[in-house]
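Visitor: pasting a predicted model and its sequence here:
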Amino acid sequence: MDNTDPCFAQQVLRLHQLQVGARWLFVCFLWLTLAPVCLWNLREEIVLWRQYFTWVAVRYGLYYHPLSTLGLSFCIGMSLAVLIWQSRNILFGIPEHEKQRLEKQVFQIRQQGSSHPLWKWVCS
């Protein structure tokens with residue numbers, strides 16, 4: 001790979017930033033599409049929780065609405081996964097194997113040229 005090119009490191013960083021943005025965009029998409037449907041399905045339970053809140057009521061409400069529970073769990077899980085992944089990269093730096101994967105991707109984008117969908121965001 002062409003690590004001597006001064007623009008190469010900047011392009012790798014741009015690709016990483018695009019991936020961070022894409023992951024957060026996916027999380028936002030989940031919270032704007034899946035979560036409202038799940039919460040709407042739990043609306044009767046939420047009314048009860050507001051009147052008589054107990055953890056047992058929450059447990060049974062989620063237990064008897066498994067698809068809503070799964071959907072909300074997926075939204076929360078994806079949010080936490082992206083948050084932990086990004087925090088790890090900020091605190092400890094990008095792991096070496098991930099840097100190599102990003103470098104390989106940038107090399108492929110450069111090789112394909114302007115016909116690659118990410119060309120204008122990474123290489124221009």
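Guide: On my side now, so go ahead.

Visitor: after the top helix by length along the chain, next one along is what?
Guide: Longest helix in the chain, counting residues (DSSP state H): helix 6-41. With elements assigned by DSSP states H and E, the helix or strand that comes after helix 6-41 is helix 43-51.

Visitor: which other helices and strands does the next helix or strand after that following helix contact?
Guide: Helices and strands here follow DSSP H and E; after helix 43-51, the next one along the chain is helix 55-63. Using 3 or more C-beta pairs under 8 Å, 6 or more residues apart in numbering; DSSP states H and E as the contact definition, the elements that helix 55-63 packs against are helix 43-51, helix 66-92. (Each C-beta comes from the backbone N, C-alpha and C, glycine too.)

Visitor: helices and strands around the shortest one, which ones?
Guide: Using 3+ C-beta pairs under 8 Å, 6+ apart as the contact definition, the elements that helix 43-51 packs against are helix 55-63.

Visitor: got the contact list for the helix it packs on?
Guide: Taking C-beta atoms under 8 Å, 6 or more residues apart in numbering as the criterion, the residues outside helix 55-63 that touch it are 42, 45, 48-49, 68-69.

Visitor: just the CA trace of that helix, in CSV.
Guide: Output of helix 55-63 as CSV, limited to C-alpha atoms (Å, rounded to 0.1, in the frame of the first residue of the first chain):
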residue,chain,number,x,y,z
TRP,A,55,-40.6,-2.9,38.2
VAL,A,56,-42.8,-5.9,38.2
ALA,A,57,-45.3,-4.0,35.9
VAL,A,58,-42.5,-3.1,33.6
ARG,A,59,-41.2,-6.7,33.5
TYR,A,60,-44.7,-8.2,32.7
GLY,A,61,-45.4,-5.4,30.2
LEU,A,62,-42.3,-6.2,28.3
TYR,A,63,-42.7,-10.0,28.8
